[in-house]
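# Sharing a model prediction with you, sequence too.
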Amino acid sequence: MMPPAPLPNHPQPFQQDDELIVIHPDTVAARLLPQFLARRVEDLALIDQELARAGYRAIERVGHNLKGIGRTYGMDGISEIGAVLEKAGQRHDATEIRKQAAALAEYLRRVQIAPA
């Protein structure tokens, strides 16, 4: 018997392991990916800053943006992390925010862009 699929309003957090995440972008996306990934590193710094000052609304917005843009670049894991981060920001759940920030950092460490 298969486990039930997660409900749309309750996304599952990105699962970490040691495998590389290889992205096979089209030509246009390949040019944009380095800047996209650099901005995600900036998001990590912003999350850390906002968490230190209890800026949960800003963290919620970062999560919402990640949720929407990850799939655009073929990075469903970023969208999944963003969805959980958005909800954690809404709940002012600092523990979950830290967990998702760590998951995003790990995802970024593992992502690799395949040559065209």
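Received the coordinates, thanks.
# what comes up buried for the lengthiest helix in the chain?
If you go by DSSP state H, the chain has its longest helix at helix 27-52. Going by neighbour count (16 or more other C-beta atoms under 10 Å), the buried part of helix 27-52 is 33, 36-37, 40, 43, 46-47, 50-51. The way it works is simple: take the backbone N, C-alpha and C, and place the C-beta from them, glycine included.
# With stretch 77-92 instead?
Going by neighbour count (16+ other C-beta under 10 Å), the buried part of stretch 77-92 is 77-89.
# what sits up against it?
Defining contact as C-beta atoms under 8 Å, 6 or more residues apart in numbering, one finds that stretch 77-92 is touched by 11-14, 21, 40, 47, 54, 56-71, 93, 96-97, 100-101, 103-104, 107.
# Just the buried residues of those residues.
11, 13-14, 21, 40, 47, 56, 58-64, 66-67, 69-70, 93, 96-97, 100-101, 103-104, 107.
# Look at the spatially closest residue to Ala29 that is not a sequence neighbour and report its pLDDT.
Counting by C-beta to C-beta, 6 or more residues apart in numbering, Ala29 lies nearest to Tyr73, which is 6.0 Å off, once chain neighbours are set aside. You'll see Tyr73 listed with a pLDDT of 88.
# Can you tell me the element the residue nearest to the spatial centre of the chain falls in?
By C-alpha atoms, centre = their mean, the chain has its centre lying nearest to Ile78, at 3.0 Å. For Ile78, the host element (DSSP states H and E) is helix 76-91.
# which helices and strands sit right next to the next helix or strand after that helix?
Next along the chain after helix 76-91, taking DSSP H and E as the criterion, comes helix 94-110. Judged by 3 or more C-beta pairs under 8 Å, 6 or more residues apart in numbering; DSSP states H and E, helix 94-110 is in contact with helix 27-52, helix 56-69, helix 76-91.
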